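1. Please work out how this folds:
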Amino acid sequence: MFLTPWQKEWNYVLRQEYEFLRKGRFKKDSVLNGLVADKVPDGLQNTLDKAFSKAFEIIFEKGTGVIEKTYNKKGIEEQFQTNENNAKDRDDRNSLRLFSRKAANSGNKNLIFSGVEGIGLGALGIGLPDIPLFTAMILKSVYEVALHFGYTYTETEEKYFILRLIQCALAHGKELDSFNDELNGFIEDGVLPKGYSESEQIRATAATMSSELLYMKFLQGLPVVGAVGGAYDVIYMQKVQKFARIKYHRRFLFDRADEKIKPTIVEGPKSKGGHGPGFDPDDGPATA
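-> All right, here's what the predicted structure looks like:
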């Protein structure tokens with residue numbers, strides 16, 4: 001069957017998503033985690049939960065404007081409009097790839113800053129105070145990805161999507177599949193879960209983050225050796241950035257290419273071990 005560039009791009013995104021889920025289903029504890037596991041004080045995870053929750057609350061309430069001062073929001077929006085017009089006019093894969101390429105370029109700058117910040121504070125033995133800055137950097141990265149694909153991030157629905165996206169990116173096993181299916185459901189209908197509470201979702205996302213980063217944040221609180229823990233900020237941020245590009249890319253294609261993609265979509269297996277609707281294994285390998 002002949003596939004249009006938009007259909008090929010759709011399949012490309014589905015393969016990226018499948019590979020992300022496949023790699024993330026099983027959590028591999030590092031040797032470093034094993035060495036520090038019995039040294040983590042009781043109650044640290046609860047402390048991290050509260051710290052991440054507070055960071056999200058403060059940033060959502062009055063920090064987004066500050067974050068926006070760190071990038072050219074208007075410039076990104078104008079660039080997106082140009083890219084979107086080109087994609088419609090040219091109707092080829094190169095123009096469609098520009099969105100994710102531009103998003104990746106901005107993400108690389110954030111990774112560099114996060115690495116310098118995490119390692120620097122870790123070398124000084126600063127762990128918990130790093131959380132607001134680390135959270136702000138993650139949100140900054142997701143905000144920029146959203147803008148590169150034509151989306152905002154201040155409405156309740158958008159904050160839900162971002163919180164769930166971060167939670168999903170750092171989850172494992174059945175939770176990873178479940179969260180991903182919920183995100184895809186939101187992409188298709190734009191409806192918040194019944195009885196949705198932003199404060200509860202913030203706590204849920206914070207809990208996933210604190211669980212995943214527990215050992216690293218403990219290690220980061222130790223002088224000198226904490227630089228190792230701080231270096232992991234880059235690893236986790238990179239993971240969130242990659243997943244954000246996949247989900248916003250999927251959302252962009254679904255929202256803006258009705259006549260080019262949706263008529264060819266057929267229901268397939270859900271995330272749990274499947275490729276999802278519309279997957280075409282003959283369209284070549286996925287790349288990061």
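2. separation between Lys140 and Arg251?
-> From Lys140 across to Arg251, the span is 19 Å (Cβ to Cβ, to the nearest Å). All C-beta atoms are positioned from the backbone trio N, CA, C, and that covers glycine.
3. what does Ser197 give?
-> Counting by Cβ to Cβ - Ser197 and Arg251 are separated by 23 Å.
4. Compare those two (neighbour count), which wins?
-> Set Ser197 next to Arg251 and count neighbours by other Cβ atoms under 10 Å: Arg251 wins out with 22 against 12.
5. shouldn't the more buried one be in contact with Gly150?
-> No. The pair Arg251 / Gly150 is not scored as a contact, 9.2 Å apart, by Cβ atoms under 8 Å.
6. In contact with the spatially closest residue to Ile187 that is not a sequence neighbour, which residues?
-> Spatial nearest neighbour of Ile187, excluding adjacent residues (Cβ to Cβ, 6 or more residues apart in numbering): Arg251 at 4.7 Å. Arg251 makes contact with Phe149, Tyr151, Ile187, according to Cβ atoms under 8 Å, 6 or more residues apart in numbering.
7. Which of the residues you listed has the largest number of neighbours?
-> Ranking the contacts of Arg251 using other Cβ under 10 Å puts Phe149 first, with 24 neighbours.
8. for that residue, what are its contacts?
-> Neighbours of Phe149 in contact, by Cβ under 8 Å, 6+ apart: Phe80, Phe99, Ala103, Tyr248, His249, Arg251, Phe252.
9. Distance check, it against Thr64.
-> 18 Å.
10. again, but for Asp233
-> According to Cβ to Cβ, Asp233 stands 21 Å off from Thr64.
11. So between these two, which is more surrounded?
-> Asp233 (28 against 16).
12. pLDDT score assigned to that one?
-> Here the pLDDT value assigned to Asp233 is 71.
13. Verify the contact between it and Leu133 for me.
-> No. Contact criterion Cβ under 8 Å: Asp233 and Leu133 do not qualify, at 9.3 Å.
14. measure Glu61 to Phe186 for me?
-> 23 Å.
15. Between the two, which is the more surrounded one?
-> Applying other Cβ under 10 Å to Glu61 and Phe186 shows that Phe186 carries more neighbours, namely 19 against 8.
16. residues contacting the more buried one?
-> Counted by Cβ under 8 Å, 6+ apart, Phe186 has contacts Glu157, Tyr160, Phe161, Arg164, Leu192.
17. The nearest residue to the first one once chain neighbours are set aside: what secondary structure?
-> This points to Glu157. In this structure, Glu157 finds its nearest non-sequential neighbour in Leu192, 6.1 Å apart by Cβ to Cβ, 6+ apart. Under DSSP: H, G, I helix; E, B strand; the rest coil, the three-state class of Leu192 is coil.
18. what number of residues lie near Leu192?
-> The burial count for Leu192: 15, using other Cβ under 10 Å.
19. Any stretches of the protein with poor pLDDT?
-> Flagging of the chain using pLDDT under 70 yields the residue ranges 1, 28-42, 106-129, 214-232, 257-288.
20. Mind jotting down where the helices sit in it?
-> 5-24, 31-36, 44-58, 64-68, 73-90, 93-123, 130-148, 156-169, 173-189, 198-220, 226-256 (DSSP state H).
21. ok, and which of the ones you listed has the densest surroundings?
-> The highest mean neighbour count among the helices of the chain, using mean count of other Cβ atoms under 10 Å, belongs to helix 130-148: a mean of 24.
22. And that helix, what does it pack against?
-> helix 44-58, helix 64-68, helix 73-90, helix 93-123, helix 156-169, helix 198-220, helix 226-256 (3 or more Cβ pairs under 8 Å, 6 or more residues apart in numbering; DSSP states H and E).
23. Out of the ones you listed, flag the one nearest Thr4.
-> Closest to Thr4 of those is helix 93-123 (Cβ to Cβ; 9.9 Å).
24. that older thread, the residue nearest to Ile187 and Val240, how far apart?
-> If you measure Arg251 against Val240 using Cβ to Cβ, the figure is 16 Å.
25. And Ile131, by the same measure?
-> When distance is defined by Cβ to Cβ, Ile131 is 15 Å away from Val240.
26. How about Glu200?
-> In terms of Cβ to Cβ, Glu200 sits 21 Å off from Val240.
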